[in-house]
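Student: sequence and predicted structure are below.
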Amino acid sequence: MKSKLLLIALILVTTVVQAQVESRVKKIEVNGKAEMEVIPDEIYLQIALKEYKSGLKKVDINTLEAGLVKAVKQLNLGENNLTVDNIYGYNWDWKKRKSDEFLATKSFKLKVNNLKMLNDLIEKLDADGVNSINIAEVSHSRIDEYRRELKIKALQAAKAKATALLASIDEEIGGALEIQEVGQYDAPMYARNTMMMEAKMDGGYQSDLEYKNITISSEIRAVFEIR
């Protein structure tokens with residue numbers, strides 16, 4: 001029993017001494033940031049098709065979808081890059097579904113590398129059946145690689161800041177005691193991300209969708225020992 005109490009007392013004393021030693025360690029805490037802009041090479045367009053009436057006849061959603069798929073193939077955009085995003089207005093009552101008064105809307109997502117092809121795509125679609133086109137999301141194929149690079153640069157920036165601050169008071173930086181990622185932020189900037197299908201004066205259609213670069217940033221909190 002005495003040996004157990006002695007062991008517990010020894011552990012407590014060791015812990016207290018260690019805490020006192022750690023509290024006497026001189027240290028400096030700083031934050032480092034790094035940021036970069038990249039041009040998106042993965043753009044996700046949301047294309048909403050809507051049934052409409054042409055005279056007494058209704059142009060159904062299947063016809064409009066077939067036209068979109070055909071246009072994607074003709075422009076070599078990759079059929080696998082086109083997926084169904086959402087379906088609106090569908091009612092599983094077959095009688096209502098067959099009614100000419102029932103107009104369904106179906107939304108698709110198309111992944112492209114840039115917007116240069118958009119005007120060509122629009123020209124191949126049935127403009128009366130296109131409700132809207134907007135940029136749903138932008139990204140970059142190497143974004144994970146860029147994020148890792150920024151974390152390293154942010155940590156290097158923190159060390160450089162600590163080194164400069166300590167040098168101003170004739171102190172030297174030691175090893176890192178703590179490293180913590182404070183935040184990571186990706187900000188895609190849209191100049192204009194929604195386009196309604198509005199006819200131009202010449203009777204054609206033209207895209208006015210625009211986007212800016214993606215801003216990627218990283219912030220690291222670091223604690224360094226002061227020698």
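Tutor: Yep, it's here. Numbers count the residues shown, from 1 in each chain.
Student: show me the contacts for His187.
Tutor: Check again: residue 187 is Ala, not His. 214-217 (Cβ atoms under 8 Å, 6 or more residues apart in numbering). (C-beta placed from N, C-alpha, C; glycine too.)
Student: which of those are buried? Put it as a PyMOL command.
Tutor: Only the buried members of these enter the following PyMOL selection, criterion being 16 or more other Cβ atoms under 10 Å:
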select buried, resi 214+216+217
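Student: among the contacts of Ala187, which one sits closest to Glu35?
Tutor: Minimum distance to Glu35 across these is 4.1 Å, recorded for Ser217 (Cβ to Cβ).
Student: how many residues are close by the closest residue to the closest one other than its chain neighbours?
Tutor: If the residues on either side of it in the chain are set aside, Ser217 comes closest to Glu35, at 4.1 Å by Cβ to Cβ, 6 or more residues apart in numbering. A count of nearby residues for Glu35, using other Cβ atoms under 10 Å, gives 14.
Student: equivalent analysis for Gly78, please.
Tutor: Using other Cβ under 10 Å, Gly78 is surrounded by 13 other residues.
Student: list the contacts for it?
Tutor: Gly78 neighbours (Cβ under 8 Å, 6+ apart): 72, 111.
Student: need phi/psi at it.
Tutor: Dihedral angles of Gly78 (phi, psi; degrees, to the nearest 10) stand at phi 90, psi 110.
Student: can you tell me the helix or strand for Ile135?
Tutor: strand 130-139 (DSSP states H and E).
Student: quick one: buried residues of the helix or strand just after that strand?
Tutor: Note on strand 130-139: by DSSP H and E, the next helix or strand toward the C-terminus is helix 143-167. Applying a neighbour-count criterion of 16+ other Cβ under 10 Å, the buried positions in helix 143-167 are 143, 146, 150-151, 153-155, 157-159, 161-163, 166.
Student: in JSON lines: these, plus distance to Glu42.
Tutor: Rendered in JSON lines, the data for the buried residues of helix 143-167 read as follows (distance: Cβ to Cβ, whole Å):
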{"residue": "Ile143", "distance to Glu42": "8"}
{"residue": "Tyr146", "distance to Glu42": "13"}
{"residue": "Leu150", "distance to Glu42": "18"}
{"residue": "Lys151", "distance to Glu42": "21"}
{"residue": "Lys153", "distance to Glu42": "23"}
{"residue": "Ala154", "distance to Glu42": "24"}
{"residue": "Leu155", "distance to Glu42": "27"}
{"residue": "Ala157", "distance to Glu42": "28"}
{"residue": "Ala158", "distance to Glu42": "31"}
{"residue": "Lys159", "distance to Glu42": "33"}
{"residue": "Lys161", "distance to Glu42": "34"}
{"residue": "Ala162", "distance to Glu42": "37"}
{"residue": "Thr163", "distance to Glu42": "38"}
{"residue": "Leu166", "distance to Glu42": "43"}
